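# Below: sequence and its predicted model.
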Amino acid sequence: MKWHVLRPLWVAIGLVGTILVARVFLVPDDFGIHGRNFTYGFHRLGNIQEWKDFPVKYQGREYCVECHEENVQSVNASPHEPVECENCHGPAVNHPDDVEFLPIDSSRELCLRCHAFLDYPNSSRAQIPHINNRMHKRRRECAQCHNPHDPREASE
Amino acid sequence: MTCSRRDFLKEAMGGTLASALPLSAFVFLSTEEAKAAIANSKVRWAFLIDAVKCTGCGLCVKACKTENEIPYDAPVTRTWVERYVVTKDGQTHIDSPLGGRDGFIDDKIRDEKIDPDDIAKAFFVPKLCNQCDNPACVQVCPVGATYQTNDGVVLIDREWCIGCGYCIMACPYGVRFFHPEHKVADKCNFCYHRITKGMPPACVECCSFDARRLANLEDPDDPVTKIITTERVAVLKDEYGTKPHVFYLGLDANVR
């Protein structure tokens, strides 16, 4: 072959070689096919562990009952039994280690999520006791009159 | 140009050898190694949504955003709740303000007041990532940043994602979005950090009406798996062939 063909060819070969060498250093060792096949399983294996290590915030009722047994029992005996503690009290995260007091959401808007009247007769919303938001004690927080832990009782 | 037979054979032999050499760079797995790589998983996560039970409180959306550190006021969310109001004239009114994060308190839909007497049916439909068996979003990723784990969940490598947005466009369900803080694609992963620890996803934990439940399809004794396999469940957009793994009870034909 003549030089004018060979010279750019060497440049191209050099470029490919550089990329291959750079690849060895830049691509992590655990990058490869770890799932079903190349199409769906081509990834960095360490990322699975990274997602598993993501911090948990909502700890669940079993976590609350360890210290607040009395409160959990009172809720469990009331019509609000299905409502998770952390829906109103906020996610526990590492409470009480990091945050001593959890911010309680006692706003009217929180109660209205379930108890605002919507005229949808065949939706399950209609089966929940409801109020007309525009008519019923407009300027009040619900918890001023109703006990959230047992809505059958008046609040203390 | 002349070429003797001897030269031709020499060249041909050399060429064959040179082209055969790169083959040695490939790794050949033994049968055992190949089986281990595919890893016959004992877990296949799936989801069951009872659209009849959903009351549209939106506490699942609030919990999801808090648990997964999605900017609370940004108009992006990993799961959302849609409200459908079908009127007697056959029109369907749909809305999902902020993904239903604050619930549905007002009966106005997109500032439009609908006369209760005109309503034929109204209901709420929660949506989230379908963790498809043939995920279109994974096929289009040019860098291998999104992938399917052996237990069926599609994850995104935040370090590897270049934020090109192909996957956001590829998903037929619109569950992917651009994370405003990490500047990468993001989506629901069934709270992978929770389900691998034996905890329910945050939205399941916070649902007061059992409208959302997690299932392991590989476990025949799982009560939710029993419902999926024995009752009449539907999936969204079956015609795309993505084999979605979020199953719905009581799904209406108006749901898109």
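Arrived safely, thanks for sending. Numbers count the residues shown, from 1 in each chain, chains lettered A, B, ... in the order given.
# Is the longest helix seen in chain A positioned near chain B?
Determined from DSSP state H, the single longest helix within chain A is helix A:3-26. No. Judged by C-beta under 8 Å from any C-beta of the partner chain, helix A:3-26 makes no contact with chain B; its nearest approach is 10.3 Å. C-beta: built from backbone N, CA, C; applies to glycine.
# I'd like the next helix or strand past that helix.
strand A:31-33 (DSSP states H and E).
# Off-centre distance for the helix or strand following that next one?
Using DSSP H and E, the helix or strand that follows strand A:31-33 in sequence is helix A:38-41. Here the centre of helix A:38-41 is set off from its chain's centre by 27 Å, with C-alpha atoms, centre = their mean, to the nearest Å.
# And helix A:38-41, what's buried?
A:40-41 (16 or more other C-beta atoms under 10 Å in any protein chain shown).
# from the chain's centre, how far out does the longest helix of chain A sit?
48 Å.
# just checking, A:Pro148 touches A:Ser107?
No. With contact defined as C-beta atoms under 8 Å, A:Pro148 does not count as touching A:Ser107 (11.3 Å).
# Look at these two and report which has more neighbours.
A:Pro148 (17 against 12; other C-beta atoms under 10 Å in any protein chain shown).
# Quick one: residues contacting the nearest residue to B:Lys243 once chain neighbours are set aside.
Counting by C-beta to C-beta, 6 or more residues apart in numbering or on different chains, B:Lys243 lies nearest to B:Asp133, which is 3.5 Å off, once chain neighbours are set aside. By C-beta atoms under 8 Å, 6 or more residues apart in numbering or on different chains, the contact set of B:Asp133 is B:152, B:242-245.
# now the helices: where do they sit in chain B?
Under DSSP H, chain B gives helices at B:5-20, B:31-38, B:59-67, B:136-140, B:166-170, B:192-195, B:202-206, B:223-230.
# Any chance of TSV for those, columns mean neighbour count, distance to A:Val75 and mean pLDDT?
As requested, the helices of chain B are exported to TSV (neighbours: other C-beta atoms under 10 Å in any protein chain shown; distance: least, C-beta to C-beta, whole Å; pLDDT from 0 to 100):
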stretch	mean neighbour count	distance to A:Val75	mean pLDDT
helix B:5-20	10	73	85
helix B:31-38	11	47	59
helix B:59-67	25	15	96
helix B:136-140	19	41	96
helix B:166-170	17	41	97
helix B:192-195	22	23	96
helix B:202-206	26	15	96
helix B:223-230	14	24	96
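# Tell me which stretches of chain B form strands.
Applying DSSP state E to chain B gives strands spanning B:45-50, B:80-87, B:92-95, B:108-109, B:112-113, B:119-127, B:146-148, B:154-156, B:177-178, B:185-186, B:212-216, B:246-249.
# Generate TSV for those strands, with distance to chain A as supplementary columns.
Output for these, formatted as TSV (distance: least, C-beta to the nearest C-beta, whole Å):
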stretch	distance to chain A
strand B:45-50	9
strand B:80-87	7
strand B:92-95	12
strand B:108-109	10
strand B:112-113	11
strand B:119-127	4
strand B:146-148	4
strand B:154-156	6
strand B:177-178	17
strand B:185-186	12
strand B:212-216	12
strand B:246-249	12
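# so of the ones you listed, which one's packed in deepest?
For the strands of chain B, the largest average neighbour count (mean count of other C-beta atoms under 10 Å in any protein chain shown) is found in strand B:146-148, namely a mean of 26.
# right, and B:Asp107 touches A:Leu118 too?
Yes. Between B:Asp107 and A:Leu118 there is a contact at 5.3 Å, judged by C-beta under 8 Å.
# Look at those two and report which has more neighbours.
Just comparing B:Asp107 and A:Leu118: by other C-beta under 10 Å the higher neighbour count belongs to A:Leu118, 22 against 18.
# which stretches of the chain have low pLDDT?
Because you didn't say which chain, this covers chain A. Counting by pLDDT under 70, chain A contains low-confidence residues at A:1, A:156.
# oops, chain B please
Using pLDDT under 70, the flagged stretches of chain B are B:1, B:21-40.
# if we can go back for a sec, switch the helices of chain B over to CSV; also include distance to chain A.
Below are these laid out as CSV (distance: least, C-beta to the nearest C-beta, whole Å):
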stretch, distance to chain A
helix B:5-20, 13
helix B:31-38, 6
helix B:59-67, 5
helix B:136-140, 5
helix B:166-170, 13
helix B:192-195, 4
helix B:202-206, 5
helix B:223-230, 17
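# thinking again about what came up before, greatest separation within the contacts of B:Asp133: which pair is it?
Across these, the longest distance by C-beta to C-beta is 12.7 Å; it joins B:Gly152 and B:Thr242.
# which residues of chain A fall in strands?
Using DSSP E, the strands found in chain A span residues A:31-33, A:42-44.
# first vs last residue of stretch A:128-136, how far apart are they?
By C-alpha to C-alpha, to the nearest Å, the extent of stretch A:128-136 from end to end equals 16 Å.
# all helices of chain A, in order?
A:3-26, A:38-41, A:46-52, A:61-65, A:69-76, A:85-89, A:108-115.
# Just tell me which of these ends up closest to B:Arg213.
Per C-beta to C-beta, nearest to B:Arg213 of the helices of chain A: helix A:61-65, 16.4 Å.
# got the buried residues for the closest one?
A:Cys64.
# mind checking how far that helix is from the chain centre?
Put simply, helix A:61-65 sits 18 Å off its chain's centre (C-alpha atoms, centre = their mean).
# Ok, stretch B:229-239 next?
Distance of stretch B:229-239 from the chain centroid (C-alpha atoms, centre = their mean) equals 15 Å.
# Could you export it as PDB, CA atoms only?
Only the C-alpha atoms of stretch B:229-239 are listed here, as PDB (Å, rounded to 0.1, in the frame of the first residue of the first chain):
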ATOM      1  CA  THR B 229     -53.300 -15.800  39.600                       C
ATOM      2  CA  THR B 230     -56.900 -16.700  40.500                       C
ATOM      3  CA  GLU B 231     -58.900 -13.500  40.100                       C
ATOM      4  CA  ARG B 232     -59.700 -11.300  37.100                       C
ATOM      5  CA  VAL B 233     -56.900  -8.800  36.900                       C
ATOM      6  CA  ALA B 234     -56.000  -6.400  34.100                       C
ATOM      7  CA  VAL B 235     -52.800  -4.600  33.100                       C
ATOM      8  CA  LEU B 236     -52.300  -1.200  31.400                       C
ATOM      9  CA  LYS B 237     -51.500  -1.000  27.700                       C
ATOM     10  CA  ASP B 238     -51.100  -4.700  27.100                       C
ATOM     11  CA  GLU B 239     -50.900  -4.100  23.400                       C
END
